[in-house]
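Peer 1: sequence and predicted model, in that order:
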Amino acid sequence: MENNPSPARAVQNAVEMRNITKTFGSVVANDKVCLMLRQGEILALLGENGSGKTTLMNMLSGIYLQDSGEILICNKPVTIRSPKDAYALGIGMIHQHFKLVDVLTAGENIVLGLQGKRTLNRREINQKVRQIAQKYGFEIDPTKKVYNMAVSEKQTVEIIKALYRGAETLILDEPTAVLTPQETTKLFDVLRMMKAHGKSIIIITHKLNEVMEISDRVAILRKGEYIATVETAATTQQDLTEMMVGRRVKLEIDRPACARGERKLHVTDLTCVSREGVTKLSGVNFDAFGGEILGVAGVAGSGQKELCEAITGLRQLAGGSILYRYQKDAMTIEENIAGMRADQIAHRGVSLAFVPEDRLGMGLVANMNIVDNVILRSYQENRGILINRKKYRPICEKMIKDLDIVTPGLTTPVRRLSGGNVQKVLLGREILSLPQVLLCAYPVRGLDIVSSYRIYSLLNAEKEKGNAVIFIGEDLDVLMDLCDRVMVLCGGQVSGIVDPRTCTKEEIGLMMTRVGDGREGERA
Amino acid sequence: MSSEWTIFLNFINMAVLASTPLLLATLGEILTEKSGNLNLGVEGMMFMGAIASLGAAYYYEKAVLGLGGTPSPVMATLVAVAAAAAAGGLGALIYAFLVVTLRANQNVTGLTLTIFGTGFANFFGELIGKQAGGFVQVSAPTKAMFGIINFGALSDIPVLGSLLFRYNWMVYFGLVVMLAMAFFLNRSRSGLNLRAVGENPATADAAGVNVTRYKYVATITGGALCGLGGMFISMSSTACAGVWVHNSVNGYGWLAVALVIFATWNPSRAWLCGLVFGGLLVVRNYYPIPGLPMQIYAMFPYIATILVLVFASIRQIKEHAQPASCGMNYFREER
């Protein structure tokens, strides 16, 4: 294998994939896909969810074996049967869900599975890790345990792990999904540095602005099929979207103008302490109004989850009050819902469409079908000991139609649905209960463009009905385009509530990373 | 030496002896669980080891006598050790095949192995006993091999001698296994890989570790250790000492499963915790409380087990917890 290609040499292909096909049961994930990665370039692999990007890359990294087609590394045909083979060929993949062992240190994770002396020399390993970090401009503490790390640190460990194994080709699966704008900039600097050192990089993403910023060329997949590879400099975001989706898509997010309604939630001094005694939220103050989408921005783990759980009664409060004003029988009632049980709060019209990292974990029961999942939410309305499915079937059919949910039928377990459709079921179910305050956490996480826009319009519809929407998001661009106000959390504290129309992305980014008192303690 | 001292030293001696089969089985189960396999068949594998060692030693002696020779007690011991390890390993192999290759449910498979091993041992124990004309036992020289070693002058040192040098070879063997395993898990490359397999097999797999091989090797080695624990019961324990006793293992396997949790999957702690349980098993013989029925004493280890499980579920520290993937089977192409 070539380690230091001289610039004078003709451009060599680091990787070439020819007519790759992979099926899972009856699902064709990749259908005769071709891909070419030149040495020393950054190639963006663009495609919607379910377009087969990750599957294709998993074949390159040895997780799956292709059904047919061939892979060439440096112009030589190879068979990659396991991740070990991939490493031997100089291919390292940084997966979207980090493949790290929580209870081990960074250094231990990095040398995991490597051949070498029978005993471990931790000092030597950590020394080498620090050297690599220095070369490419990473910051890392090799003795830190992974479970104590922030997301960006874990990503750094993953990248160093690949480099430590001598990877010449790096594959990054949606690396920026979990990063702040500042961290993304840092990552891109590192990627450019690696490119300068002659590494070839494939970056999987569906964020178009990043494609334009970092890549030399873009390869596009759609529904498992290969569409084209284009030079980044010779294309536009609009063209890329069309190739990715297959038709013209409007790229602007709507922010319908609504008159601000009455104050629905008045949160004062909200404080939460975790079971381990760590302060997760401290002194949080904000209002949520009808006819408005309140965005919540923040680095992962800044208290978003706790905020959701506190408002919906899933978590005990250490202090503070939540005044909730709602309509009931033509009367306006205002009461403190802090300390109430979750079902009492839900009954009053505060609804949580919480989309956790794994969508099926907290929101829906994976093995149950749509009807049963909908019934689950309103089981208390059911009288008697038997379930009345008949009543819910038409409701579900209407929901499937209204939200364009793609499902083989009402009796299909939701785990068989694709991510976007699962999320639509989750959100659709919450909207069915006619909430006056709708909380949704990461409703578009991992969704493709079309599905995301569908979700945005659902949220806008709620806003236009005069309900208050609280949108906890991670993509700042979306938060700034969709929301009427954005609240920024940092280390469990509100570092500010801003109007996205008059404020810049960098300002919000800075507020996200402003080091508060709680943050250091939480990360240590 | 005062008589209290003598009683105390005897108590410690007996506690150490009683703890050894528990230690071996606990170490075996720790190794197994470190690979992500929760093998509840410890009791069964101990039973298999118990009968296999006794039967193998017995048939070896019978065969040599049949040929007109004199059976060597050393050979009989080696045969017993090999048979115990092989039998325990065989039980674990069945388990590993069902769980790793066929991806059967771990709990059900482990419980089944316990039932199988218990039946296997009692059946063959009775069968061999019947053929031997009443009960099966090994010759006195072989029994002596599993008895207390005479260290000569060392054993005569006051206090220290009786504390350290009044045991059979398996006690020291258990210590060596404990140290070796502690070193293996914390200092060796393979140990690191094994821990990763138990914590997060997908990660280990992506890092190039052969998950299936690690699971098989760890589970079978663990089973062999459980088998040796069973051998201690049938060959060395005062209750059996080279004679087959119906249902001899009698719950030791389950104590070992609980001890794994008590020891927080840490071999060195397994030794200490094993000692505590060993003490609880024999304390009635040394410190009887007037009026307290023997049956209450007999309950001590099991009450301790329940308490351990309760406390273990309250206290949760990441490093001291069960390997994260324990109980779950791994399939690479699952999606």
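Peer 2: Everything's here; your move.

Peer 1: give me the element residue A:202 is part of.
Peer 2: Secondary structure from DSSP states H and E places residue A:202 in strand A:200-205.

Peer 1: what's the answer for residue B:52, then?
Peer 2: Here residue B:52 sits within helix B:42-66, counting by DSSP H and E.

Peer 1: let me know the average pLDDT across that helix.
Peer 2: Mean pLDDT, computed over helix B:42-66, is 93.

Peer 1: roughly how far is it from the heart of the chain?
Peer 2: Taking Cα atoms, centre = their mean, to the nearest Å, one finds the center of helix B:42-66 at 16 Å from the center of the full chain.

Peer 1: pull out the buried residues from that helix.
Peer 2: Residues B:42-62 are the ones in helix B:42-66 that count as buried (16 or more other Cβ atoms under 10 Å in any protein chain shown). From N, CA and C alone the C-beta is placed, and that goes for glycine too.

Peer 1: what's that helix packed up against?
Peer 2: Helices and strands touching helix B:42-66, by 3 or more Cβ pairs under 8 Å, 6 or more residues apart in numbering or on different chains; DSSP states H and E, are helix B:3-34, helix B:73-96, helix B:106-131, helix B:211-231, helix B:252-262.

Peer 1: could you check the angle helix B:211-231 makes with it?
Peer 2: 60 degrees (axes from the mean of the first three to the mean of the last three Cα atoms, to 10 degrees).

Peer 1: now helix B:42-66 against helix B:73-96, angle please.
Peer 2: 140 degrees.

Peer 1: can you add distance to residue A:54 and mean pLDDT and give the helices and strands packed on helix B:42-66 back as a markdown table?
Peer 2: Output for the helices and strands packed on helix B:42-66, formatted as a markdown table (distance: least, Cβ to Cβ, whole Å; pLDDT from 0 to 100):
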| stretch | distance to residue A:54 | mean pLDDT |
| --- | --- | --- |
| helix B:3-34 | 30 | 92 |
| helix B:73-96 | 31 | 94 |
| helix B:106-131 | 29 | 93 |
| helix B:211-231 | 21 | 96 |
| helix B:252-262 | 37 | 90 |
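
Peer 1: among those, which is nearest residue A:73?
Peer 2: helix B:211-231 (24.4 Å; Cβ to Cβ).

Peer 1: find the residue closest to the residue of the stretch 401-524 of chain A found nearest chain B in space, skipping its chain neighbours.
Peer 2: Nearest to chain B, among the residues of the stretch 401-524 of chain A, is residue A:415, at 10.7 Å (Cβ to the nearest Cβ). Of all residues not flanking residue A:415 in the chain, residue A:366 sits nearest, at 3.7 Å (Cβ to Cβ, 6 or more residues apart in numbering or on different chains).

Peer 1: retrieve the pLDDT associated with that neighbour.
Peer 2: pLDDT, read off for residue A:366, is 76.

Peer 1: likewise residue A:91?
Peer 2: 92.

Peer 1: secondary structure class of residue A:69, three-state.
Peer 2: strand (DSSP: H, G, I helix; E, B strand; the rest coil).

Peer 1: quick one: it and residue A:21 touch, right?
Peer 2: Yes - under the criterion of Cβ atoms under 8 Å, residue A:69 makes contact with residue A:21 at 5.6 Å.

Peer 1: what's the overlap in contacts for these two?
Peer 2: A:32-33 (Cβ atoms under 8 Å, 6 or more residues apart in numbering or on different chains).

Peer 1: and the contacts of stretch A:46-53?
Peer 2: Contacts of stretch A:46-53 (Cβ under 8 Å, 6+ apart): A:22, A:29-30, A:33, A:45, A:173, A:204-206, A:208, A:211, A:218-224, A:240, A:243-245, A:418-420, A:446-451.

Peer 1: circling back: what separation do you get for the residue of the stretch 401-524 of chain A closest to chain B and residue A:51?
Peer 2: From residue A:415 over to residue A:51 the distance is 20 Å, taken as Cβ to Cβ, to the nearest Å.

Peer 1: so those two - more neighbours on which side?
Peer 2: Set side by side, residue A:415 and residue A:51 show more neighbours around residue A:51, with 26 against 14, by other Cβ atoms under 10 Å in any protein chain shown.

Peer 1: now do that one, the pLDDT please.
Peer 2: 81.

Peer 1: separation between residue A:102 and residue A:448?
Peer 2: Counting by Cβ to Cβ, the gap from residue A:102 to residue A:448 is 30 Å.

Peer 1: whoops, residue A:288 was the one
Peer 2: Using Cβ to Cβ, residue A:288 is found at 29 Å from residue A:448.

Peer 1: quick check: angle from the helix or strand hosting residue B:194 to helix B:211-231?
Peer 2: Assessed by DSSP H and E, residue B:194 sits inside helix B:189-199. Angle of helix B:189-199 versus helix B:211-231, following the same axes, to 10 degrees, is 100 degrees.

Peer 1: how close does residue B:305 get to residue B:258?
Peer 2: 4 Å.

Peer 1: please disregard the earlier target; I meant residue A:73.
Peer 2: In terms of Cβ to Cβ, residue A:73 sits 51 Å off from residue B:258.

Peer 1: next one: residue B:242
Peer 2: 28 Å.

Peer 1: neighbours around residue A:227, how many?
Peer 2: 18.

Peer 1: do residue B:122 as well
Peer 2: 17.

Peer 1: can you check residue B:258 too?
Peer 2: Each residue near residue B:258 was counted by other Cβ under 10 Å, and the total is 23.

Peer 1: same check, this time on residue B:269
Peer 2: Other residues near residue B:269 come to 18 when the count uses other Cβ under 10 Å.

Peer 1: residue contacts, it?
Peer 2: B:262-263 are the contacts of residue B:269 under Cβ under 8 Å, 6+ apart.

Peer 1: now swap in residue A:476 and tell me
Peer 2: A:181, A:297, A:505, A:508-509 are the contacts of residue A:476 under Cβ under 8 Å, 6+ apart.

Peer 1: list the buried residues in stretch A:384-402.
Peer 2: Here stretch A:384-402 shows A:392, A:395-396, A:399-400 as buried, counting by 16+ other Cβ under 10 Å.

Peer 1: who's the closest spatial neighbour of residue 216, skipping the chain neighbours?
Peer 2: Let's take chain A. residue A:41 is the one closest to residue A:216 (Cβ to Cβ, 6+ apart), at 4.4 Å.

Peer 1: to clarify, I was referring to chain B.
Peer 2: residue B:96 (5.0 Å).
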